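Novice: What shape does this take:
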Amino acid sequence: MLSLDDLTTEQANPHTSDLDILPLDEALRRLNDEDQRVPEAVREEIPQIARAVELVEKALRAGGRLIYVGAGTSGRLGCLDASEIPPTYGLDPDRVIGIIAGGDTALRKSIEGAEDSLADGAAVISGLGVDERDVVCGIAASGRTPFVLGAMEEGRRRGAATVGVTTNRPSEMEPLADVLIAPVVGPEPVSGSTRMKSGTAQKLVLNMLTTMAMVRVGKTYGNLMVDLRATNKKLVRRAKRLIAQVTGVDEGEAERLFDASEGDTKLAILMGLTGLDAGSAKERLEASGGVLRRAV
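Specialist: Predicted coordinates for the structure are as follows:
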């Protein structure tokens with residue numbers, strides 16, 4: 001295994017070596033300067049991100065799942081991304097899953113030792129019944145976290161596609177990943193604190209990965225989240241606004257369509273655009289694979 005001491009993210013950052021004695025405004029500028037490096041590092045990985053999006057799209061179309069696995073900050077970011085998919089895109093919660101070493105308690109409280117077991121990572125994947133329809137995405141800034149490597153190895157053994165997201169290259173993930181996404185952001189402003197630039201890079205990558213996978217399976221119309229689940233007052237208001245925006249109807253008609261569709265935003269929009277009743281619109285939408293533009 002690669003030595004932790006040799007990782008880029010563990011090196012001292014000369015740009016912030018006097019962080020503790022700088023005037024506050026200058027210290028914050030230095031942090032911000034370092035953050036500017038992150039989007040460019042992510043941009044360089046777009047070809048690999050595109051390949052990963054295609055794997056996730058294929059999995060979702062086949063009834064499979066995207067399973068994020070991480071520890072610490074990386075695990076929390078995976079769980080965050082997974083938790084946002086159902087309300088934003090209307091996908092069932094068991095289709096994009098976030099796993100963190102140490103279980104849900106580790107979302108709020110650091111359980112650092114939980115990341116050290118290859119067997120525990122493998123056991124999680126085994127317990128989920130992962131198969132060839134799924135994608136296992138390991139997230140680890142170091143690229144060497146045993147829990148994550150164990151999960152990726154077990155996923156690969158079971159025929160799943162595997163994706164690795166790290167901010168170090170080379171990494172232990174590489175031989176286990178069908179696609180390795182490695183935006184190298186350099187030493188952290190506070191040495192080894194990978195919740196900083198590495199965490200930001202990982203968040204950007206996960207945003208791109210699931211956003212474009214959802215777009216490609218028909219969860220948007222243009223850039224509008226037409227498959228959102230209106231589960232609170234804010235989202236109900238957003239859904240009605242989307243119906244009016246796409247169909248061109250007034251607020252009253254948008255509300256009627258929303259009610260007639262039983263709160264299904266995409267269905268209501270199709271009804272408004274075509275004049276179909278709810279039953280006929282639902283049949284057309286199903287025949288179009290749930291893709292609104294194709295149904296229209």
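Novice: how far does stretch 33-42 sit from the chain's center?
Specialist: Its chain's average C-alpha position is 19 Å from that of stretch 33-42, according to Cα atoms, centre = their mean, to the nearest Å.
Novice: Endpoints of it, how far apart?
Specialist: With Cα to Cα, to the nearest Å applied, stretch 33-42 spans 16 Å between its terminal residues.
Novice: Buried ones in it, by neighbour count?
Specialist: The neighbour-count check on stretch 33-42 (16 or more other Cβ atoms under 10 Å) flags 34, 37, 38, 41, 42 as buried. Where you see a C-beta, it was placed from the backbone N, CA and C, and this is true even at glycine.
Novice: Find the residue at the geometric middle of the protein.
Specialist: residue 206 (3.6 Å; Cα atoms, centre = their mean).
Novice: give me the low-pLDDT residue ranges for the stretch 51-200 of the chain?
Specialist: Low-confidence segments of the stretch 51-200 of the chain, defined by pLDDT under 70, are absent.
Novice: Tell me where it has helices.
Specialist: Applying DSSP state H, counting those that start in this stretch to the stretch 51-200 of the chain gives helices spanning 72-89, 118-127, 146-157, 197-216.
Novice: so which of those gets nearest residue 54?
Specialist: Across the helices of the stretch 51-200 of the chain, the minimum distance to residue 54, taken as Cβ to Cβ, is reached by helix 197-216, at 8.3 Å.
Novice: could you say what helices and strands the closest one packs with?
Specialist: Taking 3 or more Cβ pairs under 8 Å, 6 or more residues apart in numbering; DSSP states H and E as the contact definition, the neighbouring helices and strands of helix 197-216 are helix 24-35, helix 37-43, helix 46-61, strand 66-70, helix 72-89, strand 135-139, strand 161-165.
Novice: Name the next helix or strand downstream of that helix, please.
Specialist: Counting by DSSP states H and E, the element after helix 197-216 in chain order, helix or strand, is helix 233-247.
Novice: which other helices and strands contact that next one?
Specialist: Helices and strands touching helix 233-247, by 3+ Cβ pairs under 8 Å, 6+ apart, are helix 251-260, helix 265-274.
Novice: Contact partners for the residue nearest to the centre of the chain?
Specialist: Under the criterion of Cβ atoms under 8 Å, 6 or more residues apart in numbering, the contact list for residue 206 reads 68, 77, 78, 81, 139, 165.
Novice: how about stretch 180-193 as CSV, C-alpha atoms only?
Specialist: Written as CSV, here are the backbone C-alpha positions of stretch 180-193 (Å, rounded to 0.1, in the frame of the first residue of the first chain):
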residue,chain,number,x,y,z
LEU,A,180,-10.9,6.5,-11.8
ILE,A,181,-11.7,10.2,-11.2
ALA,A,182,-8.7,11.9,-9.6
PRO,A,183,-8.7,15.7,-9.5
VAL,A,184,-5.3,16.4,-7.9
VAL,A,185,-5.9,19.6,-5.9
GLY,A,186,-2.5,19.6,-4.2
PRO,A,187,-1.5,20.0,-0.5
GLU,A,188,-4.3,21.2,1.7
PRO,A,189,-4.2,24.7,3.3
VAL,A,190,-4.0,22.9,6.6
SER,A,191,-1.8,19.9,6.1
GLY,A,192,-3.8,16.7,5.7
SER,A,193,-7.2,18.3,6.3
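Novice: what comes into contact with it?
Specialist: Outside of stretch 180-193, the residues within contact range by Cβ under 8 Å, 6+ apart are 8-13, 15-16, 19, 30-31, 34, 37-38, 41-42, 44-45, 48-49, 52, 143, 163-169, 171, 173-174, 194, 196-198, 200-201, 204-205.
Novice: if we go to 6 Å?
Specialist: 9-13, 16, 31, 34, 37-38, 41-42, 45, 48-49, 164-167, 169, 174, 196-197, 201, 205 (Cβ atoms under 6 Å, 6 or more residues apart in numbering).
Novice: Nice, that's everything, thank you.
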